[in-house]
Each structure stands twice: as structure tokens, then as C-alpha cells.
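**Student:** Sequence below, structure please.
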Amino acid sequence: VATTAFGDLRKEMDQVQKLQFKEKEKEKRGSKVREIQQLQSSLHNLVNCLEVFDRYVPKHVLARITSDKPAEREAASTLWMQKQLTTVLYTDIQGFKSIVERLTPTQVILVMELYYTTCCTVIEEFGGTVGDFVGDKIMAFWTSEREDHALRACHAARRQVDKVEAMATEWEKHGLPAGLEVRLRMAVHSGQCFVGNFGSPSRMKYGAVGDVLGIAQFFSRHRTGTFGPDNRLR
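**Tutor:** Numbering: from 1, shown residues only. Got it, this is the predicted structure:
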């Protein structure tokens, strides 16, 4: 019995290290041995903490933190940066202030949740990293580790527009005012910037720093356009 229980625990621990949180549920079998029960309980508490932590940092950063390779773990826990060709995508909501003034606090939270969930899912689908949230602004970036980083950012921008337009047809179902119009402003820009862990030894984050971000943000505020049927920004 103990051998089987330890085998189950080992499987769960292997899955946790691979960040396969969902699969762990299939392996949850109780043991009659108290010490093993305590180990199982501690492991499940650890998994719960990692699942929450996964919402705060990019998945590939969490994968480095839990890696069995010392070099990857060290890279995840120290300050470092490298200069890379990077494509940045800035997205925000056009006329966000006027939209907020028409809604209740509960409705604002709901709109933001739907907007963030939709756009962030698209960014991750195209292999991007969500770098920051500032109000209604989302900053995402793709590094030159992917040769088609700029194309991925453009596809993500186009897909965000489609998804938000589709989402807007269901406002009433979510208890939001009919006719609520949410239009996105966005800008894509590529250039050299610093990517890595920055901050202080006691508080750091993985992200990108450089003029590329400022230029993309500037164009997202001051240059407008719409996507035509040929998928070109006009």
C-alpha cells in the first residue's frame, strides 16, 4: 500500500514540476498511512499556491522557477537583461473614460474582466508575453526567439479586434447596457530593447524596457486606423 501511495505521489510531483495542474486531480487518491497523508496534503497545498502564482507571472517564467535544471532556476531568480529585437503590441479601449462614466462600478469590473480575458487569451495563443496592465492598456511583446515575432503580433492584433467585436454582441447576456460600443486602439512596433528580469533583488519582474515600448504606446494614442476586409490596417 505504501509503495503504491509513494508511486502516486511521485507522479503528482512530476506533473507539478511540468506545471500540469489539471492532470493532478486524476491522481488524488488518499492513503491510510498518516505520514503519506501529510505529504499529499502538503503537495496539494503547494499546487494550489503554484496555480495562483501562475496568474501573476508568464508561464515560461514559472517553468524556469520550477525547472530541474539549476541554470534555469538561477536565471529565473536573478536580475539579468539582454538586448533583443522585439515586437511590442499596445492595446487599449477607445473612449474608455466616457464608457466608464456610463456604467456602475460592478459593470466596469465586468467589462474589464471580459476585455482583459479576451485579449490576453489571444496574446498567449500567438506566443506573446503579457508584460503589463495600466488602466485599460495592455502591453504585450514577442522576442526574436521566434523568427515571425512581428507577424504573430499583427495576427494577435487582428484577432483581438474580431474577438472583442464578437464579445460585444453578448453584452446584454452579461447584464451590460445594450448598444455598448467597445472599440480597440492598438499599435505594433518592432525594435531593439532589453528583455529580462528587472527591479531589485527583493522584488523583480520579467518584462521589456526600451524606446520601442514608448513609441508603440505613443502611436496607440495618437494614430488611429481600422482593419479592412483584406486584413490591412487603414
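
**Student:** Residue 196 in helix, strand or coil?
**Tutor:** strand (DSSP: H, G, I helix; E, B strand; the rest coil).

**Student:** Next secondary structure after the worst-scoring helix or strand of the chain on mean pLDDT?
**Tutor:** Across the helices and strands of the chain, mean pLDDT, DSSP states H and E gives its lowest value to helix 2-17, namely a mean of 64. Per DSSP states H and E, the first helix or strand lying C-terminal to helix 2-17 is helix 34-53.

**Student:** Just the buried residues of the next helix or strand after that next one, please?
**Tutor:** Next helix or strand after helix 34-53 toward the C-terminus (DSSP H and E): helix 59-65. Under the neighbour-count criterion of 16 or more other Cβ atoms under 10 Å, helix 59-65 has 61-64 buried. (Glycine included, C-beta is placed from N, CA and C.)

**Student:** pull the CA atoms of helix 59-65 into PDB?
**Tutor:** Below are the C-alpha coordinates for helix 59-65, written out as PDB (Å, rounded to 0.1, in the frame of the first residue of the first chain):
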ATOM      1  CA  LYS A  59       4.100  30.600 -17.800                       C
ATOM      2  CA  HIS A  60       7.500  30.200 -19.200                       C
ATOM      3  CA  VAL A  61       8.900  32.100 -16.200                       C
ATOM      4  CA  LEU A  62       7.200  29.800 -13.800                       C
ATOM      5  CA  ALA A  63       8.500  26.900 -15.800                       C
ATOM      6  CA  ARG A  64      12.100  28.200 -15.200                       C
ATOM      7  CA  ILE A  65      11.400  28.600 -11.500                       C
END
